[in-house]
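**Q** show me the folded form of this:
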Amino acid sequence: MVVRVVRLGSERVEGEGTRIGTVRRPPRGVPKAEFASRNWYDVWFPNLAPSLEAMKLAHEARTPADWAAFFKKYRAEMATPENSHAIELLAVLSHQNNFSVGCYCEDEAHCHRSALRELLAEKGAKLEE
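**A** Numbering: from 1, shown residues only. Okay, the predicted model is just below:
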């Protein structure tokens, strides 16, 4: 059993399990009934998405220092008890179920999902390599 970190909208892999969208907003122009069939996500979990303030930092990021500020802000948001517990829950579930978490961003290195991957690993999640 593993958790995969994916780009939402990408083709699913066999055995991927439930796809969780850790994004602030649903995909535009897609009927809610089609989110799963179009490979966006099966369940929306915006709790693990960056805040609007953090997203603004990411959209404006141009330098390594800008990206570091975004990731620092996101990690601080995920350190709150509510979010930390959610990440810990996903980490535990990764040992019993296949599922994926993801975001729309094309480049994982410039996306909160890279930090989410690290946070899951820090909580002991079994991640796809």
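**Q** surely residue 57 forms part of a helix?
**A** Yes: membership of residue 57 in a helix is supported by DSSP: H, G, I helix; E, B strand; the rest coil.
**Q** ok, and the closest non-adjacent residue to it?
**A** Spatial nearest neighbour of residue 57, chain neighbours left out: residue 70 (4.2 Å); criterion: C-beta to C-beta, 6 or more residues apart in numbering. Just so you know, the C-beta spots here come from the backbone N, C-alpha and C atoms, and that holds for glycine as well.
**Q** how much space between that neighbour and residue 45?
**A** 20 Å (C-beta to C-beta, to the nearest Å).
**Q** which of the residues in stretch 67-74 are buried?
**A** By neighbour count with 16 or more other C-beta atoms under 10 Å, stretch 67-74 contains the buried residues 67, 69-71, 73-74.
**Q** tell me where the chain has helices.
**A** Ranges of helices in the chain, per DSSP state H, are 52-60, 64-78, 81-93, 112-122.
**Q** what is the mean pLDDT for the second one?
**A** If I follow you right, that is helix 64-78. Averaged over helix 64-78, pLDDT sits at 97.
**Q** no further questions, thank you.
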